[in-house]
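K.L.:
please find the sequence and the predicted model below.
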Amino acid sequence: MRQMGGCDWRKIRFPSGAALGIQRRNGYLTTMKLTMQRFLMSQLPVALLVAAGCVLAAPTLVSAQEKVPLELKLPAPTLKGTPEDLPSGPHIEPLSDKPRPPFLIAKGVQNVALNKPVTSSVKPFTGELSQITDGKKEAFDYDAVEMRKGTQWVQVDLGQSYAIQAVVMWHDHRYIQVMHDVIVQVSDDPEFKDNVQTIFNNDVDNSSGLGVGTDREYFETHWGKIVDAKGVEGRYVRAYTKGSSLSALNCWQELEVYALPAS
Amino acid sequence: MNRAWALGFCLIAVVGLTLRCLRLDNRPMHNDEAVNAIKLATHWTAERYRYDPNEHHGPTLYYGSLAAVWLSGTRRFDELHETTLRLTPALFGVGLILLLGLLRDGLGRGATLAAAWFTCLSPAMVFYSRDYIHEMLLVFFVALAGVGLWRYARERKALWAGMAGLGLGLAYATKETFVFSVAAAAAALALTARMEGGAPVARRWLRACQPGHAALGLLVALGVSQLLFTSFLSNPEGALDSVRTYLPWLERAGGQSPHLHPWYFYLERLAFFQRPRGPVWTEGLILLLAVVGMSAALTGRWLRDTDRRLARLLTFYTLGLTAIYSAIAYKTPWCVLGFLHGFILLAGIGVVVVFEWIRPRWARTGLAVVLTLATAHLAWQSGLASFVRFADWRNPWVYAQTSPDLLRLPAQVAKLAQVHPDDRHMLVRVIAPESDYWPLPYYLRQFDRVGWYDRLPEDPFAPVVIVAAKLGAALDERSDRRWLLAGLFELRPAVFLELYVETELWKKWVETRGPLPE
């Protein structure tokens, strides 16, 4: 039996149900009221004494009880048989086949990165940098531009300053995977030293050293990843990655920038 | 024994040992390996190992692993290392090579060396010798029984009858599929006897077998298997369970399972296997030479110092076992080992036969060069399968393999625990439907407060929560960012886990961690 503040509730006696119950059943409400009043009046001093005793005794008794950490009964792991093998081909189904909600954008906004020059932190060992802005982003090997491991970036020179509304990225949707440390920055400085604005960063552990990111990681799918740039202005867009869940290598398929010329 | 032959045989065993024991920890633990490791964990608890007839194979792997555990000086379960675990099947893989030495007078000197070389280099044999599952032990024990029978047929000694019984008993206590090997062997014996002269020959073979020796073999088989199944007589129910286990497995063989595959599943992997952007894998050399060996066995020609009866027995056994495994819809690639071993022995015979076919010296030299190149290709594939593409789905022997990416997850949880006041007593919740969180129970074994859930509990929050991505838990949003999504981790291709961490704990870790690596 649980005790509350050292006061054992089993020891508090209530009148038998007969007196109260019979009167209620017969509808003699006035009689019942009177009986209750009499009872309360007669028992009040006793009740007050008991309550005071409980209040006074409670801290002493609680402190006397040894405190132990709350032990949770956690479920044990269930031994499981061999799980299902992976799908047999590269066209693995996306995790969700529901189209994502539409991303609203101003009328007339175009992909201003199309066919614009691309530079990178390291030379790709597969494909050409120009493929990142060539508009092709199919799940084919020849549409993938691969770079060595570590935090690497690609940078698009838009040719002039733009008010950027959205940046859309396809890193590598040949397989379902998660790219790590995806960071997108915009600046007017090609060296990205001055006036750098970060519009996306999911490097939550700051392992790439560009600040702790608060954005979520996401699956690579053919839908691509839309980053809301909220009209930030700049001429250069630089996007970082640091390998993926499948490979330490970095990969790019397409980078699109939807923008209007800066005012 | 010829010294050069013995030297060659020992060299092959050394190469086999190297291929099987080098970098045993390179591959993340597979679901099944982790389950086996957790079952082995009873060694460190007061609770004794009990054979579980449902879903789990026999006890030999766990008892067999104790030697490696003792030798490695592992005192606690959380000190257990993948190398220690995988050393047991690796040594049985080497044992499979060494056993061939006892078949030398049956296969012939050249065929034995060739078969040992193919066993040593076969990509499937090497790959599954490095896997903490029962299959390599099963193949070894079946071979032990077979070699015992062969030696008994030659010498009629009680020792060999006992060895055959030991192999049979241990195979029974290893994996339920040993019955396929027994059935294939019985059918092969009957067919060989028929081919060798019919009923009179069969009667002669039976008469040659002394009843006392047969009884000894059976007694050893029964005694050893039941000792293991009953956990050395501490669990009498184990004896009945060793028979009861066949019911769920029978249901599985013909029923619903994610492992139902077409009949050519094994042969495709052995003959020609290629997936997009992957290399061509083939053990076609072994298959081709085995066909040569089989044709020589059936015709009884070109066999030189190979015993015709043994060659025929191997032929029928291998074909029978291949047919049984291919006919059963339930298939997992490691089951290939049983009949691949038969193909390898026949390929050894095949090598001798092709040299019998070709007489001119220049042609024999050419054949030797071709065979050397072909075995080099086999060795290259072994290296690729076990040391480079050990977790790549385009490798024919990789199946439902844990992704290397998952290893970041327990490492991250361990780092978080270091800054949590409860340290390794930190509460961790792991939530995934259908218990699809393996091998995490192995990788999180140093934590003593981990809860495992099949569905999202009413209160899913804990300092660290790992949730299957397909549940769409969004604990960061549900907690108003008091928890943050600290990363997605690939469990297996297309299966991801999310790591949620209490924001304050994460901030503390980010603040206290050391400098970033360059």
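P.N.:
That came through, no problem.
K.L.:
now do the contacts for B:A486.
P.N.:
A:204-205, B:412, B:499-501, B:506 (CB atoms under 8 Å, 6 or more residues apart in numbering or on different chains). The C-beta positions use only the backbone N, C-alpha and C, and glycine is treated the same way.
K.L.:
just the ones in strands from those, please.
P.N.:
If you go by DSSP state E, these have B:499-501 in strands.
K.L.:
send over stretch B:383-397 as PDB, restricted to the C-alpha atoms.
P.N.:
Presented in PDB, the C-alpha positions along stretch B:383-397 are these (Å, rounded to 0.1, in the frame of the first residue of the first chain):
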ATOM      1  CA  GLY B 383      40.700 -10.300 -52.200                       C
ATOM      2  CA  LEU B 384      38.000  -8.000 -53.800                       C
ATOM      3  CA  ALA B 385      35.200  -9.800 -52.000                       C
ATOM      4  CA  SER B 386      36.700  -9.900 -48.600                       C
ATOM      5  CA  PHE B 387      38.900  -6.900 -48.400                       C
ATOM      6  CA  VAL B 388      37.600  -4.300 -50.800                       C
ATOM      7  CA  ARG B 389      33.900  -4.800 -51.600                       C
ATOM      8  CA  PHE B 390      33.100  -6.600 -48.300                       C
ATOM      9  CA  ALA B 391      29.900  -4.500 -47.800                       C
ATOM     10  CA  ASP B 392      29.000  -3.800 -51.400                       C
ATOM     11  CA  TRP B 393      25.700  -5.200 -52.600                       C
ATOM     12  CA  ARG B 394      27.300  -5.900 -56.000                       C
ATOM     13  CA  ASN B 395      29.400  -8.600 -54.300                       C
ATOM     14  CA  PRO B 396      27.500 -11.900 -54.800                       C
ATOM     15  CA  TRP B 397      28.200 -13.000 -51.200                       C
END
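K.L.:
so that stretch, near chain A or not?
P.N.:
Yes: legend: contact between stretch B:383-397 and chain A by CB under 8 Å from any CB of the partner chain is shown at B:W393.
K.L.:
which one of the contacts of B:A486 is nearest to B:L107?
P.N.:
Closest to B:L107 out of the contacts of B:A486 is B:Q412 (52.8 Å), distances taken as CB to CB.
K.L.:
chain A: strands as residue ranges?
P.N.:
According to DSSP E, the strands that chain A contains are A:110-111, A:118-120, A:145-147, A:152-170, A:183-187, A:197-201, A:225-241, A:250-252, A:254-261.
K.L.:
which strands and helices lie in contact with the fourth one?
P.N.:
Right, the one you point to is strand A:152-170. Packing contacts for strand A:152-170, counted by 3 or more CB pairs under 8 Å, 6 or more residues apart in numbering or on different chains; DSSP states H and E, involve strand A:118-120, strand A:183-187, strand A:197-201, strand A:225-241, strand A:250-252, strand A:254-261.
K.L.:
residue ranges in chain B under the pLDDT threshold?
P.N.:
Counting by pLDDT under 70, chain B shows low-confidence ranges at B:1, B:252-255, B:514-518.
K.L.:
spell out which residues make up each domain of it.
P.N.:
Annotated domains of chain B cover B:25-388, B:404-512 [automatic domain parsing].
K.L.:
closest to A:H173 out of those domains?
P.N.:
domain B:404-512 (12.5 Å).
K.L.:
ok, now which ones touch the residue in the stretch 101-250 of chain A positioned nearest to chain B?
P.N.:
At 3.9 Å from chain B, A:S245 is the closest residue in the stretch 101-250 of chain A, using CB to the nearest CB. A:S245 makes contact with A:177-178, A:180, B:403, B:405, B:488-490, B:496, according to CB under 8 Å, 6+ apart.
K.L.:
now B:D105
P.N.:
By CB under 8 Å, 6+ apart, the neighbours of B:D105 are B:154, B:307.
K.L.:
residues of the helix or strand it falls within that come out buried?
P.N.:
B:D105 is part of helix B:104-107 when elements are defined by DSSP states H and E. The neighbour-count check on helix B:104-107 (16 or more other CB atoms under 10 Å in any protein chain shown) flags B:104, B:106-107 as buried.
K.L.:
now the element after that helix, going C-ward?
P.N.:
helix B:109-121.
K.L.:
can you name every helix or strand that that next one contacts?
P.N.:
Packing contacts for helix B:109-121, counted by 3+ CB pairs under 8 Å, 6+ apart, involve helix B:3-21, helix B:82-99, helix B:336-357, helix B:361-383.
K.L.:
now do stretch B:460-472: distance to the chain's middle.
P.N.:
33 Å (CA atoms, centre = their mean, to the nearest Å).
K.L.:
same deal with stretch B:21-32?
P.N.:
12 Å.
K.L.:
sorry, back to before: closest to B:G383 out of the contacts of B:A486?
P.N.:
Nearest to B:G383 among those, with distances taken as CB to CB, is B:Q412, at 31.5 Å.
K.L.:
OK, contacts around the closest residue to that closest one other than its chain neighbours?
P.N.:
Nearest non-adjacent residue to B:Q412, counting by CB to CB, 6 or more residues apart in numbering or on different chains: B:L499, 6.5 Å away. Going by CB under 8 Å, 6+ apart, B:L499 touches B:409, B:412-413, B:464-466, B:485-489.
K.L.:
quick one: which of the residues you listed sit in helices?
P.N.:
B:409, B:412-413 (DSSP state H).
K.L.:
which part of the stretch 101-250 of chain B gets nearest to chain A, residue-wise?
P.N.:
B:I133 (9.3 Å).
K.L.:
so that residue touches B:E33, yeah?
P.N.:
Yes: taking CB atoms under 8 Å as the definition, B:I133 is a contact partner of B:E33 at 6.4 Å.
K.L.:
okay, helices next: where are they in chain A?
P.N.:
Secondary structure of chain A (DSSP H): helices at A:17-26, A:29-64.
K.L.:
ok, for the residue nearest in space to the middle of chain B, nearest residue in space, not its chain neighbours?
P.N.:
Nearest residue to the geometric centre of chain B (CA atoms, centre = their mean): B:E135, 3.5 Å. Nearest non-adjacent residue to B:E135, counting by CB to CB, 6+ apart: B:W334, 4.3 Å away.
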